[in-house]
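Undergrad: no sequence on hand, only this structure:
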């Protein structure tokens, strides 16, 4: 798409960093060492899919509280040769022996959800299968899996200095690792999380990755790693079995999408929650068309009127997503109906420009940032948008003996209500918060982006896309400016340091309960990465622009 991104210095918060530019490739992730792992694979002849898996593995080493082989993943891949967009759902399923009745009668769980950190929240880790499938189905075929994982193996074996924003989150989870598993010290240094700049080695993780490199999926879902996973769960009363692990498969699904201002936003299909971002964007589009709120471009970036519209659109979208999104193998998700123009027009009528809605039903979002998002665009024009997560920090905290990673707790997103679409059932995948995104324009790649962070992800997807499409920001500025995030505590709205007091006061007058987040707590707004593709109008040369979120230690690297 031939166009130019203007740098808009008239926004209330000017970006403090420049976007990164390149013409050959771009890699952006939350850890510089992981971004460099992706570059290494591209330089060896790999493509975006190969490099994305290298980044995923390296992040599992350098940011193990957020991600790794013990979690799940989702991937959206843009294939340049035929200009098509594809998705891989790498989320795991509940143990086949786990039922609501057993949780109630045998394990005494009486609430509406499986408690976070509980052994019963451990579903099959789907990430490794997702990695292998990404390489096998979308990879170049020029780089072997062992070579793709080699940078991560080296980081684990030789050690790496822990980065500045990584250390406090790691250290904050030390108590969990010490108490949830007798093997937690595999991820600690003298019983504590590593300090900033301290070199951390993880020989056990290197061994696990070598088994995957040699055996592919079987190296993880069968053999010593599988034995350790099952043992660690069963010792704590969990029901995960070898059969659950062996039978796991990724699914290949076409992403769902919506048009906006000449762009097409693609998100992963349910059980992923990308549908919420699409519904919210559709509602914003309808409100602009109906001119009920005026054009968002005319409202002023992060003005009270603009943020009020964004908040209300997101509340409506989450009410629908939380009601309908589930594993499609267990219930129909009415995607076409929810994204129809008739339905979006109807939902838009609920917007009141003068008052915050007090009665939006179901699905009030919560915060969290224990996930990693990263993206790669290669020299051939392919793009890979990828997210990998343990859900909460170090997930369940359960560390399989001798494996160097923690198991996630994604099952805590199930509802323990047989009448709910997202109810727990044997072999079912839960509602999932992790969502990569891709944007095309006229079939051409426009952007590969995502912002991790629990239920914040669709919220940030919407805000960052509007920053670029409506307010003309480059990728770095679009990530740098302050964001808002609707939280679970009575539907309160977290606003980021940098949004002025007058705006906060006006949001409160409209009926929103607002509070400010500063410092490291700004992680609640997520940590994003963006690669945007443009064409220089004078020479016809493709230009890549990369941005990496300042709320993490990340880096975009281009050539």
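TA: Structure received. Note that this is a predicted model, so its numbers are computed, not measured.

Undergrad: helices along the stretch 251-400 of the chain, start to end?
TA: Shown for the stretch 251-400 of the chain, the helices assigned by DSSP state H, counting those that start in this stretch span residues 274-290, 296-299, 304-324, 335-338, 341-348.

Undergrad: so residue 311 makes contact with residue 512?
TA: Yes - contact criterion C-beta atoms under 8 Å: residue 311 and residue 512 qualify, at 6.5 Å. (Glycine included, C-beta is placed from N, CA and C.)

Undergrad: so what sits against both of these two?
TA: Listed as contacting both residue 311 and residue 512 by C-beta atoms under 8 Å, 6 or more residues apart in numbering are 356, 493.

Undergrad: and the pLDDT for residue 452?
TA: What the model reports as pLDDT for residue 452 is 87.

Undergrad: er, residue 491 actually
TA: Per-residue pLDDT puts residue 491 at 80.

Undergrad: number of residues surrounding residue 81?
TA: For residue 81, the count of nearby residues is 8 (other C-beta atoms under 10 Å).

Undergrad: picking up where we left off before, among the helices of the stretch 251-400 of the chain, which comes closest to residue 114?
TA: Closest approach to residue 114 among the helices of the stretch 251-400 of the chain (C-beta to C-beta): helix 304-324, 16.4 Å.

Undergrad: can you pull the contacts of residue 85?
TA: Neighbouring residues of residue 85 by C-beta under 8 Å, 6+ apart: 76, 77, 78, 79, 254, 255, 257, 266, 438, 440.

Undergrad: now it. Its backbone dihedrals?
TA: The phi and psi torsions at residue 85 (degrees, to the nearest 10) take the values phi -120, psi 130.

Undergrad: what do you get for residue 84?
TA: According to degrees, to the nearest 10, residue 84 has phi -120, psi 160.

Undergrad: before we move on, what about the one 10 residues further on?
TA: Comment: the main-chain dihedrals of residue 94 come out as phi -70, psi 150, following degrees, to the nearest 10.

Undergrad: same check on the one 3 residues further on?
TA: Its backbone dihedrals place residue 97 at phi -90, psi 0, with angles given as degrees, to the nearest 10.

Undergrad: touching, it and residue 237? I think so.
TA: No - under the criterion of C-beta under 8 Å, residue 97 is not in contact with residue 237, lying 11.8 Å apart.

Undergrad: comparing those two, which residue is more hemmed in?
TA: Set side by side, residue 97 and residue 237 show more neighbours around residue 97, with 14 against 11, by other C-beta under 10 Å.

Undergrad: how about the more buried one: what's its closest non-neighbour residue?
TA: Among residues not flanking residue 97 along the chain, residue 239 sits closest, at 4.2 Å (C-beta to C-beta, 6 or more residues apart in numbering).

Undergrad: over to residue 210?
TA: In space, and not counting its chain neighbours, residue 210 is closest to residue 153: 6.2 Å by C-beta to C-beta, 6+ apart.

Undergrad: which element follows the helix or strand containing the one you found toward the C-terminus?
TA: Per DSSP states H and E, residue 153 falls inside helix 145-158. Where DSSP H and E defines the elements, the next helix or strand beyond helix 145-158 is strand 160-161.

Undergrad: what residues does that following strand touch?
TA: Under the contact criterion C-beta under 8 Å, 6+ apart, strand 160-161 has outside partners 33, 61, 62, 197, 198, 199, 200.

Undergrad: only whichever of the residues you listed are buried, select them in ChimeraX.
TA: Listed next is the ChimeraX selection for buried residues among those, using 16 or more other C-beta atoms under 10 Å:
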select :33,61,62,200
